[in-house]
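**Q** generate a structure from the sequence data that follows.
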Amino acid sequence: MSKVILTVNSLISENQMIQFVLTGAGYVVIDVATREDALKKLNAQHFDLILADLNTLNSGGLSFICDVHSMPQYINTPIIVLTAEMRFFNKALYNNCGVINWLTKPYQPDKLVGIINDALSGVK
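**A** Sure, this is the predicted structure:
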């Protein structure tokens, strides 16, 4: 059975690219554009990994990640963060809340797939 990934990203073109790349790698991808929609989806079905764009989450990125990992069904679910502005974030705070990896935009599709493959196989 294919692993299911939730992507949280408000950019339609980026969602389309992520969807294309990850479905081509054998994953099922569900994308949402807001934090609120993400929380609804997380409560409605199971996801094996979450790929979240920090710009979409605005200043609530850290609280979203902590909220997800406080949900019993997602306590060990890998979360990967996308960002265009890495220098503005305190990685330690996010890592303490459960982010397992970061990907800075722009990124190569094979890098995205590699990071997700590693996360789902338990490699950090």
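
**Q** what number of residues lie near the spatially closest residue to Met71 that is not a sequence neighbour?
**A** In space, and not counting its chain neighbours, Met71 is closest to Leu42: 6.7 Å by CB to CB, 6 or more residues apart in numbering. C-beta coordinates here come from the backbone N, C-alpha and C atoms, glycine included. When neighbours are counted by other CB atoms under 10 Å, Leu42 registers 20.

**Q** which elements pack onto the helix or strand containing Leu42?
**A** Using DSSP states H and E, the element containing Leu42 is helix 35-44. For helix 35-44, the packing partners by 3 or more CB pairs under 8 Å, 6 or more residues apart in numbering; DSSP states H and E come out as strand 4-8, strand 28-32, strand 49-53, helix 61-70.

**Q** surely Pro109 meets Val21?
**A** Yes. Between Pro109 and Val21 there is a contact at 4.4 Å, judged by CB atoms under 8 Å.

**Q** so between the two, which is more surrounded?
**A** Val21 (17 against 14).

**Q** residue nearest the centroid of this protein?
**A** The chain has Leu51 as the residue nearest its centroid, 1.2 Å off, counting by CA atoms, centre = their mean.

**Q** what's near enough to touch that one?
**A** Ile5, Leu6, Thr7, Val8, Asn9, Ile18, Ile79, Ile80, Leu82, Ile116 (CB atoms under 8 Å, 6 or more residues apart in numbering).
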